[in-house]
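# this is a predicted model, with the sequence first.
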Amino acid sequence: MAADPLAGRAVRVLLVDDHQVVRRGLRTFLEIQEDIEVVGEAADGDEGVSRTEELRPDVVLMDVRMPGTDGIEALRRLRELENPARVLVVTSFTERRTVVPALRAGAAGYVYKDVDPEALACAIRSVHAGHTVLQPEVAQVLLTQEDDRVGEGRGGILTEREREVLGLLADGRSNREIARALVLSEKTVKTHVSNILMKLDVSDRTQAALWAVRHGVSTA
């Protein structure tokens, strides 16, 4: 079974963590998944960026705190390089001061290292499919602690259609899924998403989704 029916192949994953034991454990579990292929490893952020550029994986599992170039800086560099790999942060650091910078740097998801193995595999597939994945405990950290109120007070300038798109985006839907749900073209949805990011003054879908959660914008 392939993770992406369009591509017809397994999700290609790169492991970036400074602890060899962690990388070995992740590889051992992931290699038994029929739809996930571990294509390489890296021991720090600098090597992680180089290997991502070289191997072009679909998903990178990245720790945050590593010697030398850490995960946050590696995320920023990958974004500057416009590398298409989706980065799922897998770390033991639970503080908001670590979570927020990772998401702002471009992480598509954030889970803790004690995540259930099957849940991790599901997170990899979900991130590969274009969704944003936050372990429930991570979302709780973001919602219960004081934030800098990105986009605060700007919800009123969104149109009704933009709020519908934002609600579906916050539910983790891809542009294709949003288009199908609202009977729109993907191009139109992409335009709405761009307008939402501009109006909320946020840089990516993850920040827009977090804004929506904080302000009760949902399809539920």
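On my side now, so go ahead.

# what helices and strands are in contact with the longest helix along the chain?
In the chain, assigned by DSSP state H, the helix with the most residues is helix 186-200. Helix 186-200 is packed against helix 160-170, helix 175-182, helix 205-214, with contacts defined by 3 or more C-beta pairs under 8 Å, 6 or more residues apart in numbering; DSSP states H and E. Bear in mind the C-beta positions are built from the backbone N, C-alpha and C, glycine included.

# spatially central residue in the chain, please.
Centrality entry for the chain: nearest residue to the mean C-alpha point is Ala108, 0.9 Å, by C-alpha atoms, centre = their mean.

# tell me the pLDDT at that residue?
Ala108 carries a pLDDT value of 90.

# kindly report the same for the one 5 residues further on.
Per-residue confidence (pLDDT) for Lys113: 89.

# now the helices for the chain?
Under DSSP H, the chain gives helices at 20-30, 45-55, 71-80, 96-104, 117-128, 136-144, 160-170, 175-182, 186-200, 205-214.

# what packs against the first one?
So the one you mean is helix 20-30. So helix 20-30, by 3+ C-beta pairs under 8 Å, 6+ apart, packs with strand 11-16, strand 36-42, helix 117-128.

# which residues sit against the last one?
Contact partners of helix 117-128, identified using C-beta atoms under 8 Å, 6 or more residues apart in numbering, comprise 3-4, 11, 13, 29-30, 33, 35-36, 58-59, 61, 86, 88, 90, 108-109, 111, 115, 133, 135, 172.

# if we can go back for a sec, so which of the helices and strands packed on helix 186-200 is nearest Leu75?
Nearest to Leu75, of all the helices and strands packed on helix 186-200, is helix 205-214, at 11.5 Å by C-beta to C-beta.

# quick check: the closest residue to Pro101 other than its chain neighbours vs Ser194, distance?
Distances taken as C-beta to C-beta, 6 or more residues apart in numbering put Ile72 closest to Pro101, at 5.1 Å, once the chain neighbours are dropped. Distance of Ile72 to Ser194, computed by C-beta to C-beta, to the nearest Å: 25 Å.
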